[in-house]
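# no sequence on this one, just coordinates:
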């Protein structure tokens, strides 16, 4: 009986870890927007405000380190802290986090990723501790198949290849390979065209 309970608990743990692994957060600094991605689809998105000049939000790969619905900053405002950061998702050990806050149409934070009201709550309850986060300076909208403006509002944007394009460290090299391949095809076409022209000229001289 005890062994059966252990097996059930292990099974539930593995299932929960698998479900967490299907979730990803993408923060696009250039567009001041964050996306909640699950099973290769953007399920919802919202406006954010990232770090202003002098307080740049770090880019790269992170994970949700902790969650705190009523977090109070120990750093800002300096030197003693006290700023309220409700619906906080910890991103780094140095204090960078995603949280509810003022969201103008430009970067305005001290490095954190502020989320607007409504979006912050939804992201807080959707994400789990351990959910991967990718913060980028820019992201290609061409990676998505945008079906309609209404579908974007519903968060039903289809992604052509989530793990290869958004969360694969080799995504840039993949894009470069595609460009080089297209350039080679164009070069072969130009060479072939020049060869045909040369043959026609030689034939006309006869």
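Cool, the structure landed. Keep in mind that this is a model prediction, so the values were computed, not measured.
# would you map the helices across this protein?
With helices called from DSSP state H, the chain shows them at 2-21, 119-126, 149-153, 162-165, 171-205.
# least reliable of those going by mean pLDDT?
Of all the helices of the chain, the segment with the smallest mean pLDDT is helix 149-153, scoring a mean of 39.
# and this protein, what are its domains?
Per automatic domain parsing, the structural domains of the chain span 22-169, 178-206.
# list the buried residues in stretch 95-107.
With burial defined by 16 or more other CB atoms under 10 Å, the residues of stretch 95-107 counted as buried are 95-101, 103, 107. For every residue, glycine as well, the C-beta is placed using N, CA and C.
# in this structure, which strand has the most residues?
strand 41-49 (DSSP state E).
# packing partners for that one?
Helices and strands touching strand 41-49, as assessed by 3 or more CB pairs under 8 Å, 6 or more residues apart in numbering; DSSP states H and E, comprise strand 33-38, strand 113-115, helix 119-126, strand 157-159.
# strands paired with it, and their directions?
Its sheet considered, strand 41-49 pairs with strand 33-38 (antiparallel), strand 113-115 (antiparallel), strand 157-159 (antiparallel) by DSSP bridges.
# and residue 121, which of these is closest to it?
Distance to residue 121, taken as CB to CB, is lowest for strand 113-115 among the strands paired with strand 41-49, at 8.7 Å.
# what pLDDT, on average, does stretch 29-44 get?
95.
# start and end of stretch 114-133, how far apart?
The straight-line separation of the ends of stretch 114-133 (CA to CA, to the nearest Å) is 15 Å.
# one more: stretch 56-68?
Note: stretch 56-68 ends 23 Å apart using CA to CA.
# buried residues in it, which are they?
The neighbour-count check on stretch 56-68 (16+ other CB under 10 Å) flags 57, 62-64, 67 as buried.
# how many other residues sit next to residue 123?
Residue crowding around residue 123 was assessed by other CB atoms under 10 Å; the count is 26.
# sort out for me which of the buried residues of stretch 56-68 are in strands.
Using DSSP E to define strands, the subset of the buried residues of stretch 56-68 located there is 62-63, 67.
# could you dump these into CSV with pLDDT added?
As requested, those are exported to CSV (pLDDT from 0 to 100):
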residue, pLDDT
62, 97
63, 97
67, 97
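# which one of these sits closest to residue 90?
residue 67 (7.4 Å).
# re the thing from before, what's the most buried one of the strands paired with strand 41-49?
Of all those, strand 113-115 carries the top mean neighbour count, a mean of 26, counting by mean count of other CB atoms under 10 Å.
# ok, and what's touching it?
Contacts with strand 113-115, where a contact means CB atoms under 8 Å, 6 or more residues apart in numbering, come from 27, 34, 46-50, 57, 87, 91, 96-103, 108, 123, 135.
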